[in-house]
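Student: here is my input; please provide its structure:
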Amino acid sequence: MDSRQEALSRLLRARARVGTDDLDTALGQDVHMLRTDLLGVVQRCESASMYDKLEKMARLSQVDNLEQSEHSFQAMVKFMDSMTSEELIKMASLYSHMMNLANMVEHVHRVLGSRQDLRGKDGFEFSVEKAFSELVKQGQSPSRIRAALCKQKVKHHFLKSLSVPLQLHRNLVIRCLTDVINLLGGLHFQVEMVLTAHPTQALRRSLLSKLQNVGHDLLRLRSSELVPQERSHTRNRIKENIHAMWRTDEVRRTKPRPEDEARSTLQVLERTVWNALFFMHSVDHVAFNQLPQYLKFIDGMLTRHKLKPLPIDCTPFIFGSWAGGDRDGNPFVTPDVTKHVVFINRFRAATLYLELIESLMFDLSMLSADEELMDYNETLSESSEVVTGRAVFREFWNHVPKSEPYRICLAYVRDRMSATRDYCEAQLNDRPVDPDIEKKIYKSKEDFLEPMMKMYNSLHKHGDGIVAQGELLDTIRRIHAFGLSLVRLDIRQEADRHTEAMTEITEYIGDGLYSDWTEEKRVEYLNSFLSSNRPLIPRHMRCSDRVQEILDTFKMICGLDRDSLGAYIISMCMNPSDVLLVEVLQHEAASSMDVVPLRVVPLLETIHALQTGAKTLENLFQNETYLSQLRSRFNSVQEVMVGYSDSGKDGGRVTSAWELYKSQESMVAVAQKYSVVLRFFHGRGGTVGRGGGPQHLAILSQPPKSINGYLRVTIQGEVQQQDFGLPGLCYNTFEMYSSAVLKADMLVSPETKQSWRQTMEDMSRSSYTKYREIVYEEPRFVDYFRHATPERELGLLNIGSRPQKRKEGGVETLRAIPWVFAWTQTRLHLPVWLGLGTAVHDALQKGRQEELRDMYRNWPFARSFFSLISMVLAKADPRISALYDEGLVPEELQPFGQDLQDLLLETVDNVLKVTGESRLLENEETMALALENRRPWMAPLNVAQVAALERYRKGDEDVVDALIISMKGVAAGMQNTG
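Tutor: Just a heads-up that it's a prediction; the model follows:
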C-alpha cells in the first residue's frame with residue numbers, strides 16, 4: 001500500500017463509526033421511519049422500473065458506507081452513469097429530500113434533548129440557569145448577574161449641561177465617567193441578531209414549510225398522552241407532508257427579488273421568533289403543556305435566587321435585517337426597493353400587533369381602573385372612530401361599553417394601529433393616503449407604549465397585577481424588542497461607490513479629483529464640511545446614474561423613520577476618510593431636515609483592513625470633529641463590523657482567525673484610550689470558512705473585553721432555519737446566546753501566554769504563505785477551481801438576488817459565499833483548512849507539540865479553532881473530491897488536484913496530533929453521530945452531481961434540474977452552505 005492509500009485509510013479510521021445510546025437509537029428510528037415513508041411515496045408515484053433503480057442505489061450506498069472500498073464506490077459510480085436524465089433527476093431528488101428529512105429529525109432531537117436536560121437538576125447544557133450557577137461558583141454575586149441581564153444603560157446626555165470652566169476639565173469628566181462605564185461593561189447585555197439576505201438558503205420556502213410541519217408532528221408523536229386516533233392522525237399528517245414534498249418542484253425557476261428576500265426574513269420571525277421569545281409553545285402540546293415565556297423563565301430564575309425580575313423594558317434580544325438594504329454589489333437594491341421593504345416590515349408588524357390587540361380586548365374585560373387610566377381615556381377623543389374604509393369583522397368594533405375602561409383604551413390603540421397598517425398598505429400599492437389615516441398612524445414605539453403602560457400600571461395599582469403579568473406584559477415586551485418594524489434595516493454599500501460619487505462632485509464644483517487625493521487631503525476636505533453648514537452639492541448638478549443612485553439612497557434614508565433603520569455599513573472600508581465621507585453625504589442629504597443620521601459602521605473584511613483597524617480607529621478618534629459627534633449623537637459608542645468571509649478568502653482560515661483576534665484586541669485598547677465604548681458586529685456565515693459553526697464556543701473564544709455584554713451578529717441563510725426553524729430551536733438559541741455572552745463577560749479569562757501568541761503568529765505566517773502560494777500565485781489554481789467545482793453553475797440555483805461577483809476577474813472578485821459553496825460541494829472544503837497542515841507541521845518540526853496541546857486544552861481561542869476545523873474535516877471526503885477530478889478536470893490539471901487531496905490528508909493527521917484524539921470528533925459524540933447518520937445519503941448525491949456536471953458541460957440541458965437538486969442536497973447534507 002503506497003503512502004497516499006495509507007493516509008486515506010487513516011482518514012477513514014479517523015471517521016470511525018460511533019456508538020449509540022437510547023436517545024441516538026430514537027433518532028435513528030425516526031430517520032428510518034421517514035425514509036420508509038419517503039420510499040413509500042416514491043413507490044406510489046413513480047413507475048416500478050424507476051423505483052427499482054432508486055432502491056438499488058440505496059442498497060449500493062449502504063454497502064459502500066459499510067465497506068468504504070474502491071470496489072463498492074465504483075459500483076455506485078457505474079450504476080449512476082447508466083441512468084437517463086430523468087432517472088438522474090429522480091435519484092437526486094430522493095437523496096435531497098432524505099437529507100432534509102434527516103436534518104429535521106436532528107433538529108427535533110436537539111429540542112427533545114434540551115427538554116430532557118431541563119428535567120434534570122443540571123439543566124440544558126447552554127442554559128442561563130446553568131451559566132448563573134457557574135458564575136456564582138466563580139465568585140460573581142447574583143445581583144451583579146441580574147444587572148448584566150437587565151442591560152442597565154448609562155448615557156452621556158447629561159454631560160451637555162455640566163458647568164465646567166475649561167474644556168480640558170470637561171474632557172476629563174467625560175473620560176472619567178466613560179472609564180466607569182467601561183468598568184461596568186458587564187451591566188450591558190444585549191444580543192442583536194441581524195438576518196441577512198445572503199444567498200445560502202438553498203431550499204424553497206414551499207419545502208421549508210412542509211419540513212417544519214413534519215418537525216412539529218415528530219415532536220407531537222413523542223407525547224405519551226396521545227390516544228391511538230391522535231397518534232394515527234399525526235402519522236398521516238407526516239405522510240401527507242412528505243407526499244406533498246415529493247410532488248413539489250424543488251427548483252427555483254426565477255431569481256428572487258430583494259422584496260422576496262425581505263418577506264422570507266419576516267417569515268422566520270413570524271413563524272417562530274415572534275412567539276418563542278415571549279410565549280414558548282410546548283414541543284408536543286400535551287406532555288410538556290406550555291413552556292414558560294422566555295423572559296418569564298429568566299424572571300423565575302431570578303426570583304428563585306431572591307432577586308427582582310427583569311425590568312419591563314429589558315430587551316436582551318433585538319433584531320435587524322439586511323434584506324432590501326444591502327446594496328453592496330447588488331444593483332437590484334435601489335432606493336425605491338429599500339423604501340418598499342421598510343413599509344413591508346411595518347405592514348407585517350402592524351398586522352401582528354392588531355391580532356394581539358384583538359386578543360387583549362377579550363382578556364381585559366375589567367370594569368374598574370385607577371384614576372390615571374380613567375383620566376387618560378377622557379383625553380382620547382374619537383377613540384372608537386372607525387377610520388378604515390374596509391368592511392371587516394372585528395369584535396367590539398361598533399360598540400365598547402363605557403364601563404370597560406381597558407377596552408376603551410384598547411379600542412383607541414386598535415384604531416391607530418389599523419390606521420398604521422392601512423397607511424403602509426397604501427404606500428406599498430402607490431395609492432394616495434387618506435389624511436385622516438395619516439394623522440392617526442403610530443410613528444414611534446414610545447407612542448405605542450404609552451397607552452399600554454397606562455393599562456399595565458393601572459392593573460397593578462388596582463389589585464389586578466396577575467392579569468397585567470399575562471398577555472399584556474408579553475405585548476409590551478414585544479413592542480420593546482420588535483418596535484413598529486419587527487426588524488431595523490441596515491444599509492450597506494461599498495466604500496468605492498462613495499468615493500466615485502465624491503469624485504464626480506468635486507470635479508463638477510472645480511475642486512479636482514477626490515479619488516486622486518492623499519488620505520490627509522481627503523480628511524481635511526471632509527472635516528471642512530462636517531464642521532460647517534455650507535452645502536456641498538449644487539442643486540442644479542446632474543450626475544451619472546451610478547452617482548445619482550448613491551445620492552438618492554441618502555435622501556431616501558432621511559425620509560424614513562429612524563425606528564425602521566439600523567446602521568450604515570461601509571464594506572471594504574480601508575481608511576478613516578471612508579467613514580467621514582459617509583458622514584458628509586448624510587449631512588448633505590439632511591441639511592434641510594431635522595434628521596438624526598444613522599450610525600456609521602466600518603466593515604473590516606480583508607487581512608490588511610484587520611491589521612490596520614486599530615490605526616484607522618485611532619485616526620478617527622483623533623479627529624476632534626468626528627469624536628465630538630460620536631459623543632453627542634451616539635453616547636461615545638463606536639460600532640465596528642469584522643468580516644470573517646473575505647478575510648478567510650484573502651489569507652486562509654488560520655490567518656483570518658488570528659488577525660480577527662488580534663485586531664479586536666488592539667481596537668479595544670484604542671477605544672479605551674479615547675474613552676469610547678467599542679461594540680463589535682460579527683459578520684459570520686454558516687460555514688466555518690466564513691466564521692460559522694457552534695456559536696456558544698465561538699463567543700467564549702473572543703478576546704477579553706471585546707464582548708462587554710453586547711453582541712451583534714449576522715444570521716445568514718440556512719442558519720436561520722437551524723436556529724429558528726422550530727419553536728424549541730428558538731428557545732435553545734436564546735438560551736445559548738444568553739449564557740455565552742454572560743460567561744464571556746463575567747468569567748475570568750485564562751491568561752494568554754506569550755508563547756501561545758508567538759506560536760499562533762508563526763503558524764499564521766506559515767499558513768498565509770502556503771495559502772497565498774496556492775490560491776493566488778499557482779497559475780493552475782483558477783483553471784482547476786473552475787473545472788473541479790460547480791462554481792460556474794451556481795447561478796442556476798437562483799437562491800439570491802445578488803450577483804456572484806462584484807466584477808469580472810479571478811478569485812479575488814468572487815464573493816466569499818460562492819467561493820465556500822463551491823468547495824463544500826466537492827467535499828474538499830479547501831477554504832477551511834488550506835495552510836493549516838503546513839502551519840502545524842512547521843510547529844511540530846520545532847518541537848511544539850506539547851505547547852499546541854496545552855493551547856488546545858487551556859486557551860478558548862485555540863480550542864474553538866481546532867474544534868471547528870475538526871468538524872469540517874470530518875465532513876471531507878478525498879474519494880469524492882477525486883471523483884470530481886476524474887470526471888471534470890483536464891488530465892494535465894489532475895495531478896494538482898491530487899496534491900490538494902494529499903494536503904487534506906496531511907492536515908487531518910496533524911490536527912489529530914494537536915487534539916490528541918484517535919479520530920475526528922472523538923469528544924463530540926452527538927455531532928459525530930449526526931454525520932454518521934447522514935453519510936449513507938451523501939455519496940450518491942455527489943456521484944449524481946458529477947454525472948450531471950459532465951453531461952451539462954457537454955451541452956446536455958436535460959440534466960439541469962438534476963444538477964440543481966444535487967447541489968441543494970449536498971448543501972443540506974453539509975448543513976453549512978456558504
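
Student: in stretch 242-253, what counts as buried?
Tutor: 242-243, 245-246, 250-252 (16 or more other C-beta atoms under 10 Å). Backbone N, C-alpha and C define where each C-beta goes, glycine included.

Student: could those residues go into a markdown table alongside distance to Ala671 and secondary structure?
Tutor: Output for the buried residues of stretch 242-253, formatted as a markdown table (distance: C-beta to C-beta, whole Å; DSSP: H, G, I helix; E, B strand; the rest coil):
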| residue | distance to Ala671 | secondary structure |
| --- | --- | --- |
| Ile242 | 53 | helix |
| His243 | 57 | helix |
| Met245 | 50 | helix |
| Trp246 | 55 | helix |
| Glu250 | 48 | coil |
| Val251 | 49 | coil |
| Arg252 | 44 | coil |
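
Student: which among the residues you listed gets closest to Thr36?
Tutor: Thr36 lies nearest to Ile242 out of the buried residues of stretch 242-253, by C-beta to C-beta, at 10.1 Å.

Student: so where do the strands sit in the protein?
Tutor: Secondary structure of the chain (DSSP state E): strands at 190-196, 317-321, 488-494, 565-571, 599-604, 637-643, 677-683, 710-716.

Student: among those, which is nearest Ser870?
Tutor: strand 677-683 (21.5 Å).

Student: and the closest one, which strands flank it?
Tutor: According to DSSP bridges, strand 677-683 forms sheet pairs with strand 637-643 (parallel), strand 710-716 (parallel).

Student: between these, which gets the lowest average pLDDT?
Tutor: Of all the strands paired with strand 677-683, strand 710-716 carries the lowest average pLDDT, namely a mean of 89.

Student: angle of that strand against strand 565-571?
Tutor: 70 degrees (axes from the mean of the first three to the mean of the last three C-alpha atoms, to 10 degrees).

Student: report the contact partners of Val237.
Tutor: Residue 237: Arg, not Val. Shown in contact with Arg237 (C-beta atoms under 8 Å, 6 or more residues apart in numbering): 213, 217.

Student: tell me how far it lies from Asp217.
Tutor: Arg237 is 5 Å from Asp217, where distance means C-beta to C-beta, to the nearest Å.

Student: please convert the buried residues of stretch 242-253 to a markdown table, extending it with distance to Ala589 and pLDDT.
Tutor: Formatted as a markdown table, these follow (distance: C-beta to C-beta, whole Å; pLDDT from 0 to 100):
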| residue | distance to Ala589 | pLDDT |
| --- | --- | --- |
| Ile242 | 53 | 97 |
| His243 | 54 | 97 |
| Met245 | 48 | 95 |
| Trp246 | 52 | 95 |
| Glu250 | 44 | 87 |
| Val251 | 42 | 86 |
| Arg252 | 36 | 80 |
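
Student: got those as a markdown table, with distance to Gln62 columns?
Tutor: Formatted as a markdown table, those follow (distance: C-beta to C-beta, whole Å):
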| residue | distance to Gln62 |
| --- | --- |
| Ile242 | 21 |
| His243 | 24 |
| Met245 | 23 |
| Trp246 | 21 |
| Glu250 | 24 |
| Val251 | 28 |
| Arg252 | 31 |
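
Student: the strands of the chain into JSON lines, with extra columns for distance to Cys45 and mean neighbour count?
Tutor: Compiled in JSON lines, those are given as follows (distance: least, C-beta to C-beta, whole Å; neighbours: other C-beta atoms under 10 Å):
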{"stretch": "strand 190-196", "distance to Cys45": "36", "mean neighbour count": "23"}
{"stretch": "strand 317-321", "distance to Cys45": "39", "mean neighbour count": "23"}
{"stretch": "strand 488-494", "distance to Cys45": "43", "mean neighbour count": "24"}
{"stretch": "strand 565-571", "distance to Cys45": "47", "mean neighbour count": "24"}
{"stretch": "strand 599-604", "distance to Cys45": "48", "mean neighbour count": "24"}
{"stretch": "strand 637-643", "distance to Cys45": "45", "mean neighbour count": "23"}
{"stretch": "strand 677-683", "distance to Cys45": "43", "mean neighbour count": "23"}
{"stretch": "strand 710-716", "distance to Cys45": "34", "mean neighbour count": "24"}
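
Student: sorry, back to before: adding distance to Leu726, write the strands paired with strand 677-683 out as a markdown table.
Tutor: Listed next are the strands paired with strand 677-683 as a markdown table, based on distance: least, C-beta to C-beta, whole Å:
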| stretch | distance to Leu726 |
| --- | --- |
| strand 637-643 | 30 |
| strand 710-716 | 15 |
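
Student: low-confidence stretches in the stretch 851-978 of the chain?
Tutor: Under the criterion pLDDT under 70, the flagged ranges of the stretch 851-978 of the chain are 976-978.

Student: quick one: the helices in it, in order.
Tutor: For the stretch 851-978 of the chain, the helices defined by DSSP state H, counting those that start in this stretch cover 860-875, 878-888, 894-915, 925-953, 960-974.

Student: just give me how far the last one sits from the chain centre.
Tutor: What that stands for is helix 960-974. Computed by C-alpha atoms, centre = their mean, to the nearest Å, the chain-centroid distance of helix 960-974 equals 22 Å.
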